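Chemist: Here you go, sequence then predicted model.
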Number of protein chains: 2
Amino acid sequence: MAQRKKAVIAGAGLVGALWSVMLAKRGYEVDVYERRPDFRQAGYIGGRSINLALSERGWKAVEIAGIREKIEKVALPMPGRMMHGVDGELTFQPYGEAGQAIYSVSRGGLNVELVNIAEEFENVRFHFNQACKGVDLDNSAIRFEDTQTGARYTIESDLIFGTDGAFSAIRSSMQRLPRFNYSQHYIEHGYKELSIPANEDGTHRMHTNALHIWPRGQFMLIALPNLDGSFTCTLFLPFEGEESFENLTNERQVMAFFKKYFPDVIPLMPTLVEDFFENPTPPLVTIRCSPWNYGSKILLIGDASHAIVPFFGQGMNAGFEDCTILDSLMDKYDEDWPAIIEEFNANRIEDANAIADLALANFIEMRDKVADPRFLLWKKIEKHLHERFPKEFQSVYSMVSFSHVPYSQALAEVAEHERLFDRMLAIPNLEENWKGPEVEAVFREWLAERQ
Amino acid sequence: MAQRKKAVIAGAGLVGALWSVMLAKRGYEVDVYERRPDFRQAGYIGGRSINLALSERGWKAVEIAGIREKIEKVALPMPGRMMHGVDGELTFQPYGEAGQAIYSVSRGGLNVELVNIAEEFENVRFHFNQACKGVDLDNSAIRFEDTQTGARYTIESDLIFGTDGAFSAIRSSMQRLPRFNYSQHYIEHGYKELSIPANEDGTHRMHTNALHIWPRGQFMLIALPNLDGSFTCTLFLPFEGEESFENLTNERQVMAFFKKYFPDVIPLMPTLVEDFFENPTPPLVTIRCSPWNYGSKILLIGDASHAIVPFFGQGMNAGFEDCTILDSLMDKYDEDWPAIIEEFNANRIEDANAIADLALANFIEMRDKVADPRFLLWKKIEKHLHERFPKEFQSVYSMVSFSHVPYSQALAEVAEHERLFDRMLAIPNLEENWKGPEVEAVFREWLAERQ
């Protein structure tokens, strides 16, 4: 069994930096190349990053990297959603059990922490301002350009990891191969980052411990709390159509749109119009491909192989779980990379496709269904069933956010749970009887059928 | 309304050459650039091209181009499939009504005809050995490299058509745009071109007027007749697995495989082993994208925007239909290109996706179902129903091959026809009663429900 101890990682984003730590801990000589300048000096470029929600899968990887305590200090728990009605009415809806939460973290802050912890290993080196220009696949040779000097050079390595994100240069090289399956699919919506600053005393202007959401059917606004008292807000809106970015081209239109749909945030956003016209309007893409490897030397992980829309808060968590799984496969196969890569490729792609589907479906849930009384009733029943039958029943949301159940298994539960709820709807006065014996009877029947 | 009278076409394949004729007839100055050498001198590269089946949609375009008579002389009618059992038993199954057929044509021969007819127009110029290297989209500037001199240059044009095939360089430039949806998906099968030569007297060694097919479940062999008495044969086989290309690596294995599955063709293929190891094993891809245009100046047509698998014989026909539709839109909008491109893009993509789906489904039909008695029974019923109710009932195969019904409409009929046949199966002794009153009653009921 080969003991290769050198690795090249293309991309020092969240997944690349975390992965360098995991490899470093096992004694690999790791070189990480990154197109951008060192964001510890240059600062992280804002206006394009939806705040991140770290959940169970992400925490596990953070723990393996040995920075759980550090991140806990900068992560704000969001135990549920705070829905904002057009009339300003607030409704809180917990995500899971008491004590469970997803955590708002700053993408930039987390990335800096990960690079710092990696650099504490003497066997990890970061090379910033180095743009990946593709791979010579058969020679495992990766091409870079120094963005400051323009110098071009090639690095050979027996182990190359492509963590260079949704627009991966390494994947681009693989895409020209016969039998490489690939898709990039954009939704009709773009997004705009906006901001709610802190109060003068540094406190939050809205309830701190929640993911705030203004569901409006075809579009929505969300807000995640930051440590400094501010909120990072994101408006998700179609590019075209009646209510769309193309129809918000001047101050008057933007203010009228916010007055109509989000009147309660206007006093909280003093720079609303400036932010709206200064920040870009990026699109939202889902990327799928297969295989993720080329031979036993080149492997894509994270967004490079499975970029998803942000509506389940699982993009980073899924990328981190890639690392956790690879870490456990290194144990299982004693660092025999051909075996690790084969198993990872054979089993992980289905899960990546599943979370891509779940994330697309959750957009409809967030922007539309959360305001539906039937949906809220089902959420109450889910909670009740889980309390009564903790081993037999878990909501799909909980499976994704608070467990390590494979994503594909969570996706398969969606239809089953819908079938269960459809039957519940036949119970008379379900609104009053949602804790009653009929609900339990229907549940037990459903459960029995599945065994 | 703008009267732009210049156009650049990238790609002198079947669709590019045909399209140049249609534009030439309307007085456009047309420059066609092609990566390959002039195939009228260099000869067409074989070993990679499945013979083509020209059907109704293709004929219409050929007629508009004014070469129907020429093509009729070199096209061999195939009014049906000739199924070859493992035991050598032959079963003929007509594709449509008496007098209807699809036509075997040589890709190279047809391409040469189209280029020749185009060059008869003084306003068309072909530039061979010129490889498209991409487009500067915002300046409508297309980059070429002369493959003989290595010289690079840029052409600007207010109207650029990308007919550069499944691996289109123009599409590659568009693929980097935000909101450009794209997928390339390979099936598990590759193909191998083989050949049955003519008898010494120039006659065919099998029945001339049929598409010969050896359906074997997971794989199949087909043969299409050529004018010179030979057949062009294609073996479609998985790359991996028990019966697969990876397990056919020497003469003994190839001969054993053919003896087991295609014993009747061995005496007809004197160069079987040589052909098998000399010819490449290309994969089979489906390509979908949207939009097909960039603004009102750049448009993809044919395989460049919708490459499909060959199992419905519709790849060329669909590309030719693109030209026919654009030609009719030039009339409708009096050559107002922004309007033409907008309507083409809005309506044609759905049809391209539909024929992609139909072609994938037809592979299963060809390799597997055609040997199933139930399928053959349904084909008889389809024929009977069409004879009895010519206006009310047409098989999906006929809609695709012998009509101009939009592909998306044909695809929508698939599920409806399956529902109809499922009900027919409840009729006692359907094998004897397939022309009986119960069949008609079930049909009328089905028809009534749909109105």
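Modeler: That came in fine, so what should we check first? Residues are numbered from 1 along each chain as shown, chains lettered A, B, ... in the order given.
Chemist: Which residues of chain A lie near chain B?
Modeler: Contacts of chain A with chain B, taken as C-beta under 8 Å from any C-beta of the partner chain, map to A:175, A:178-186, A:239, A:282-283. For glycine as for every other residue, the C-beta is placed from the backbone atoms N, C-alpha and C.
Chemist: Residue in the stretch 51-200 of chain A with the shortest distance to chain B?
Modeler: A:Ser183 (3.6 Å; C-beta to the nearest C-beta).
Chemist: Distance-wise, check that residue relative to A:Pro280.
Modeler: Remark: distance between A:Ser183 and A:Pro280 (C-beta to C-beta, to the nearest Å) = 24 Å.
Chemist: The residues of chain A next to chain B in helices, which ones?
Modeler: Residues of the residues of chain A next to chain B located in helices (DSSP state H): A:Gln175.
Chemist: what about burial for the residues of chain A next to chain B, which qualify?
Modeler: Buried by 16 or more other C-beta atoms under 10 Å in any protein chain shown: A:Gln175, A:Arg179, A:Phe180, A:Asn181, A:Tyr182, A:Ser183, A:Gln184, A:His185, A:Tyr186, A:Phe239, out of the residues of chain A next to chain B.
Chemist: I'd assumed B:Tyr186 was in contact with the fifth one.
Modeler: This points to A:Tyr182. No. A:Tyr182 is beyond contact range of B:Tyr186, at 9.7 Å (criterion: C-beta atoms under 8 Å).
Chemist: Distance-wise, check the spatially most central residue of chain A relative to A:Val309.
Modeler: Central residue of chain A (C-alpha atoms, centre = their mean): A:Gly315, 2.3 Å from the mean position. For A:Gly315, the distance to A:Val309 equals 8 Å [C-beta to C-beta].
Chemist: Scan chain A for its longest strand.
Modeler: strand A:181-196 (DSSP state E).
Chemist: average model confidence for the next helix or strand after that strand?
Modeler: Heading C-terminal from strand A:181-196, the first helix or strand you meet, by DSSP states H and E, is strand A:211-215. Across strand A:211-215, the average pLDDT comes to 96.
Chemist: Equivalent analysis for stretch A:109-119, please.
Modeler: 92.
Chemist: Using PDB, write out the CA atom coordinates for stretch A:94-109.
Modeler: Backbone C-alpha positions of stretch A:94-109 (Å, rounded to 0.1, in the frame of the first residue of the first chain) are rendered in PDB as follows:
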ATOM      1  CA  PRO A  94     -38.000  26.300  16.400                       C
ATOM      2  CA  TYR A  95     -35.800  24.300  14.000                       C
ATOM      3  CA  GLY A  96     -35.400  21.300  16.400                       C
ATOM      4  CA  GLU A  97     -35.500  20.300  20.000                       C
ATOM      5  CA  ALA A  98     -34.700  22.500  22.900                       C
ATOM      6  CA  GLY A  99     -30.900  23.100  22.900                       C
ATOM      7  CA  GLN A 100     -30.600  22.500  19.200                       C
ATOM      8  CA  ALA A 101     -29.600  25.400  16.900                       C
ATOM      9  CA  ILE A 102     -27.900  26.200  13.700                       C
ATOM     10  CA  TYR A 103     -25.100  28.800  14.100                       C
ATOM     11  CA  SER A 104     -24.500  32.100  12.200                       C
ATOM     12  CA  VAL A 105     -20.900  32.500  11.300                       C
ATOM     13  CA  SER A 106     -19.000  34.900   9.200                       C
ATOM     14  CA  ARG A 107     -17.600  33.300   6.100                       C
ATOM     15  CA  GLY A 108     -14.500  35.500   6.200                       C
ATOM     16  CA  GLY A 109     -13.900  35.000   9.900                       C
END
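Chemist: Now that stretch: buried residues?
Modeler: Buried, per 16+ other C-beta under 10 Å, within stretch A:94-109: A:Tyr95, A:Gly96, A:Gln100, A:Ala101, A:Ile102, A:Tyr103, A:Ser104, A:Val105, A:Ser106, A:Arg107, A:Gly108, A:Gly109.
Chemist: same question, stretch A:22-30
Modeler: Buried, per 16+ other C-beta under 10 Å, within stretch A:22-30: A:Met22, A:Leu23, A:Ala24, A:Lys25, A:Tyr28, A:Glu29, A:Val30.
Chemist: Against chain B, how distant is the fifth one?
Modeler: Distance check for A:Tyr28 against chain B: by C-beta to the nearest C-beta, to the nearest Å, it reads 32 Å.
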